[in-house]
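In: have a look at this prediction, sequence included:
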Amino acid sequence: MPAELRDDLIAMPAHRLAAAIAAGKLTSAELTADCLARIRAANDKLHAFVAVYEDEAMAMAEALSEVSSTEKREDT
């Protein structure tokens, strides 16, 4: 993932994140991993989440990333 994209993920609106995923600049797995890392870093202070299902979130994101990459290969 390009560095300029990683720096802006938290402030990026959902439609831009979706466009980055559609363009292949970002995967669902990368975005999910970044969000989970931010949750881990801040939740002890913020107490914003009662439960975080990291394994389940990453499994779903990786599956979505695989589907997306398969669709792109079929389109070419």
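Out: All right, it came through fine.
In: check what pLDDT the residue nearest the centre of the chain gets.
Out: The residue lying closest to the centre of the chain (CA atoms, centre = their mean) is residue 31, at 1.5 Å. We note a pLDDT of 94 for residue 31 in this prediction.
In: again, but for residue 61
Out: At residue 61, pLDDT is 97.
In: pretty sure it sits against residue 29.
Out: Yes. Contact criterion CB atoms under 8 Å: residue 61 and residue 29 qualify, at 4.5 Å. C-beta coordinates here come from the backbone N, C-alpha and C atoms, glycine included.
In: does residue 9 touch residue 17 like I think?
Out: Yes. Here residue 9 reaches residue 17: they are 7.3 Å apart, a contact under CB under 8 Å.
In: identify the contacts common to those two.
Out: With contacts defined as CB atoms under 8 Å, 6 or more residues apart in numbering, the residues shared by residue 9 and residue 17 are residue 31.
In: can you name the next helix or strand after the lowest-mean-pLDDT helix or strand in the chain?
Out: Sorting the helices and strands of the chain by mean pLDDT, DSSP states H and E puts helix 3-8 at the bottom, at a mean of 61. With elements assigned by DSSP states H and E, the helix or strand that comes after helix 3-8 is helix 14-22.
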